[in-house]
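# build me a structure from this.
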Amino acid sequence: MNFQEDLILENDRALLRPIAYSDFDDLWKVTEPNPQLLKYSPKLIASSEALKTYLEIAINARKEKTRYALVIYDKKVEALAGSTSMWLFSEKDQRLEIGHTWIGDDFQGTGLNRNCKFLLLSYAFETLGYLRVELKADALNVKS
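Numbering: from 1, shown residues only. Presented below is the predicted three-dimensional model:
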């Protein structure tokens, strides 16, 4: 995985690109109406300060080569919808994990997440040549 590369993955429905501080305002529009959006994540994003911290952690994790966080852009409605990440990379075992995914209420159940996962799985298997990809969700997160 090349953490220096600004990865862009897209199809007709979704565009995934590296998360950036400049995404704050658009992501706040997604998280502010639903403080419980990340209920099953280690940290809620129930305040603007929490979102700033989330962005800082995600951006620093890329610098540390431990996680590659991407924003999810819904091309159908032309808006940022949330975020997803690839992490727990193992070059030796040719595997990675997809997780840290959250999508705003208005975008759930629209097929957007399915398109995002297809892009991520295609990248992992076809571009990186990995043999295993794990998708993670909290056991209590029935909706996911």
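
# got the contact list for stretch 123-138?
For stretch 123-138, contacts defined as CB atoms under 8 Å, 6 or more residues apart in numbering pick out 1, 7, 9, 40-41, 86, 88, 93-99, 101, 117, 120-121, 144. From N, CA and C alone the C-beta is placed, and that goes for glycine too.

# pLDDT on that stretch, on average?
Rounded to a whole number, the mean pLDDT of stretch 123-138 is 91.

# for stretch 82-100, same thing?
93.

# again with stretch 61-71
On average, stretch 61-71 scores 96.

# just the helices from this protein, written as ranges.
With DSSP state H, the ranges of helices along the chain come out as 24-31, 48-63, 112-122.

# out of these, nearest to Leu80?
Across the helices of the chain, Leu80 has its closest neighbour in helix 24-31 (4.0 Å, CB to CB).

# how far off centre is the closest one?
Centroid separation between helix 24-31 and its chain, computed with CA atoms, centre = their mean, to the nearest Å, is 14 Å.

# using PDB, write down the CA coordinates of that helix.
Taking C-alpha atoms only, helix 24-31 is exported to PDB below (Å, rounded to 0.1, in the frame of the first residue of the first chain):
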ATOM      1  CA  PHE A  24     -14.800  19.400   8.000                       C
ATOM      2  CA  ASP A  25     -17.800  21.500   7.000                       C
ATOM      3  CA  ASP A  26     -19.300  18.900   4.600                       C
ATOM      4  CA  LEU A  27     -18.800  16.100   7.100                       C
ATOM      5  CA  TRP A  28     -20.300  18.200   9.900                       C
ATOM      6  CA  LYS A  29     -23.500  18.500   7.800                       C
ATOM      7  CA  VAL A  30     -23.600  14.700   7.900                       C
ATOM      8  CA  THR A  31     -22.800  14.100  11.500                       C
END
